[in-house]
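> need coordinates for the following:
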Amino acid sequence: MPSWEITARSVINDGDIFGIAADFEQQRLYYHVNGAWVTGTPGSGNGISLVKGKEYRACLWSAGTVSGEVQRGVARSDTTWEVNFGERPFSEAIPSGSVPFQGK
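This next block holds a predicted model:
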């Protein structure tokens, strides 16, 4: 497991806001939790290394808890996610020179 993934698991809690910034020119990926950049400020050259020419996809996964009765064939979880790819204002400012994903 990459060290950044271990770090992410240790700093993200219920109610936190998680954001990512991909710099494909410098081949770096950055993420923040509640506005604090965990992998370095975008443009710093730190971040997570990306491979030039490799295809990347924006995706997420979650694990949640279930309370109450669970019925066969009925999806149920007490975990909710709200995803924003730029179709509405972000809760944190985007890095200078960046643009929202917006499915493009």
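> look at Lys52 and say how many residues are nearby.
A count of nearby residues for Lys52, using other CB atoms under 10 Å, gives 7. C-beta: built from backbone N, CA, C; applies to glycine.
> ok, Pro42 to Lys52 distance?
With distances taken as CB to CB, to the nearest Å, Pro42 is found 18 Å from Lys52.
> and Ser98, what is it in contact with?
Ala21, Pro42 (CB atoms under 8 Å, 6 or more residues apart in numbering).
> which stretch of helix or strand covers it?
Under the criterion DSSP states H and E, no helix or strand holds Ser98.
> got the end-to-end distance for stretch 39-46?
The first residue of stretch 39-46 is 7 Å away from its last residue (CA to CA, to the nearest Å).
> find the least confident helix or strand in the chain, judged by mean pLDDT.
Within the chain, judged by mean pLDDT, DSSP states H and E, the helix or strand with the poorest mean is helix 3-11; its value is a mean of 54.
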